[in-house]
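Undergrad: generate a structure from the sequence data that follows.
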Amino acid sequence: MPSLLVRRILPITALAAAATLALSACAGPGGSSDGDGGGEVVWAIEGANLSAGHMDPQTSQLDVSSMVQRTVLDSLVFQESDGSFSPWLASDWTVSEDSTTYTFDLREDVTFHDGEPFNADAVKANFDRIADPETASAQAASMLGGDFYAGTEVIDEYTVEVSFSQPYAPFLQAASTPLLGFYSPAVLESSADQLKAGGPDVTVGTGPFELTEYTPDQEIVYTRNPDYAWGPDGAEAAQFETLRVEILPEASVRAGVVESGEADLASNIPPNLAVELPDTLTVASNEYPGLPYSLYLNEKYGVFADEKVRQAFARGIDVDAAVEEIFFGQFPRAWSILGSTTPGYDASLEGSRPFDQDEANSLLDEAGWTERDSDGIRMKDGTRLSVRWIAYTPVSDDNAALANAIQSDLADIGFEVVREVLEPGAYNEQYGPKTFDLTDWGFSGVDGDLLRSHLHTDGFQNASQVTDPEIDSLLEEGIATSDVDARAAIYQQLQQWNADYTAIVPLYSPSLITAVNDTVSGLEYDLYGRPLFYEVTVS
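TA: Numbers count the residues shown, from 1 in each chain. Sure, this is the predicted structure:
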């Protein structure tokens, strides 16, 4: 398998002296594999919300769900580092001229971990489950075409046809992800309601590893599938026996265990800790493609109904200074609602609409917020210029620091931001009816179609509550054409529109930073920066 692109390698400085942090419930990396299928790899991750019903990529929108379950769930096709697609569970495929029908010839030698055969019936069972409204699958259902999904037809045992009611160009990319990966039909029949919680005999796929133990909020143990012989680019059974995933929400603990050698690798390392790791570790920083970490301004709830207020909000934040200071120059400042590693990125937006408090003040004056109260906050008709920002736990220290900087900058122009950090249940109580002014997140994805979920009137992540027939039309046109240049032009137009309209305020493009000990060789990364273990050996 060719190595995937690592986009940025962090400069590493020596760490003077660090206390060794104990790794609970873990015996530590052990045993030499020498390519014989023995040995164990210990992988430390954040994983804080996996136990809150996020063990199923078909229903979860969290990146970590796809990151860990990739080891279990295979896909129809594999997306290479150059963006092209190669065979995986599908040995070949054809796409109709109008991009409404995708016909896949499936491998005939694939079995699930429970012995069930992988075939056309399995594809249909999984896709129909994702599309079923009762499954409550948001992101995966959208990637399967949403309302455009017309169904999956079994042509014969190893031939399947997936149809859409209109041209749907992003489907191959969607079909390469764990979100459209495959569970055993027997599990879907007997235990579909348990997939969100996950566990042995429930999370059953065809992948190179089988989930054999799971202790929520502590660890997931994956055991080598010795029969695996159908991986992408000819990958076969793993060359080590056990992948032990340790769930360690504290970043300092993850950094400590990989430095001490108690873990072979650790992901989700923040930049401030990554730059302090010793040069005995290899540190790879892979910039996420997709929508950068951003603020979503709810135009249907409060003061953000006024475009001038939205524009003043964006121009009043010194994003460059905050991002440079907080992320040590490791995460680039974002200028667009697509990150720079995403196809269709509009580089012409770089440097446009910079921090300008004078311009922000002028915009707020024009909007009628001309008075000030005793706290220096602007007033209009007896009302303070105040917005409420809801954030979803856990919040990293870096993002908390960024929020503080944003609040401080905006206070300088008389714009109050009140921030509420909420547990998932409390957050969803406000997110559902959209009773907030702004919220925040980043969203990874290789195809510009991810903007449909965020900006379309019916988008399941349209936190800004944009309702614009012209934008809807552009988003629908983006999935209806298979011409690469035409699609890129559409997504560039959408980026230009947002830069003026200011529904979303992009802040920075995060990277998945993984630190790796020399006990591991052959580690590769997918286009999202997630580790792949197909060629790994341990010593």
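Undergrad: what about this protein, any weak spots by pLDDT?
TA: For the chain, applying pLDDT under 70 flags the ranges 1-37.
Undergrad: most distant residue from the middle of it?
TA: The outermost residue of the chain relative to its centre, with distances by C-alpha atoms, centre = their mean, is Ser374 at 42.9 Å.
Undergrad: I'd like the distance between that residue and Arg384.
TA: Computed with C-beta to C-beta, to the nearest Å, the distance linking Ser374 and Arg384 is 11 Å. All C-beta atoms are positioned from the backbone trio N, CA, C, and that covers glycine.
Undergrad: before we move on, what about Gly351?
TA: Taking C-beta to C-beta as the measure, Gly351 and Arg384 are separated by 33 Å.
Undergrad: those two: who's more crowded?
TA: Neighbour tally, Gly351 and Arg384, criterion other C-beta atoms under 10 Å: the higher count belongs to Arg384, 18 against 10.
Undergrad: you'd agree Val160 is up against Thr101?
TA: No: the pair Val160 and Thr101 fails to qualify as a contact (C-beta atoms under 8 Å) at a distance of 11.1 Å.
Undergrad: which one's more surrounded, these two?
TA: Using other C-beta under 10 Å as the criterion, Val160 and Thr101 rank with Val160 on top: 25 against 17.
Undergrad: against Val154, how distant is the more buried one?
TA: Distance from Val160 to Val154, by C-beta to C-beta: 6 Å.
Undergrad: likewise for Ser340?
TA: Distance, Ser340 to Val154, by C-beta to C-beta: 42 Å.
Undergrad: same thing with Ala503?
TA: 42 Å.
Undergrad: and for Asp318?
TA: Taking C-beta to C-beta as the measure, Asp318 falls 57 Å from Val154.
Undergrad: before we move on, what about Asp373?
TA: Here the criterion is C-beta to C-beta. By it, Asp373 lies 67 Å from Val154.
Undergrad: of those two, who's got more company?
TA: Val154 (16 against 13).
Undergrad: next, the more buried one: secondary structure please.
TA: Under DSSP: H, G, I helix; E, B strand; the rest coil, the three-state class of Val154 is strand.
Undergrad: name the nearest residue to it, sequence neighbours excluded.
TA: With C-beta to C-beta, 6 or more residues apart in numbering as the measure, Ala120 is the residue that lies nearest to Val154, at 4.2 Å, once sequence neighbours are left out.
Undergrad: next, the buried residues of the longest helix along the chain.
TA: Here the longest helix in the chain is taken by residue count, with DSSP state H as the criterion, and it is helix 484-501. By neighbour count on 16 or more other C-beta atoms under 10 Å, the buried set for helix 484-501 is 487-495, 497-499, 501.
Undergrad: next, format the residues you listed as JSON lines and append distance to Gly47.
TA: Rendered in JSON lines, the data for the buried residues of helix 484-501 read as follows (distance: C-beta to C-beta, whole Å):
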{"residue": "Arg487", "distance to Gly47": "34"}
{"residue": "Ala488", "distance to Gly47": "35"}
{"residue": "Ala489", "distance to Gly47": "39"}
{"residue": "Ile490", "distance to Gly47": "36"}
{"residue": "Tyr491", "distance to Gly47": "32"}
{"residue": "Gln492", "distance to Gly47": "36"}
{"residue": "Gln493", "distance to Gly47": "38"}
{"residue": "Leu494", "distance to Gly47": "33"}
{"residue": "Gln495", "distance to Gly47": "32"}
{"residue": "Trp497", "distance to Gly47": "36"}
{"residue": "Asn498", "distance to Gly47": "32"}
{"residue": "Ala499", "distance to Gly47": "35"}
{"residue": "Tyr501", "distance to Gly47": "36"}
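Undergrad: ok, so of the residues you listed, who is nearest Trp88?
TA: If you rank the buried residues of helix 484-501 by distance to Trp88 using C-beta to C-beta, Arg487 comes first, at 23.5 Å.
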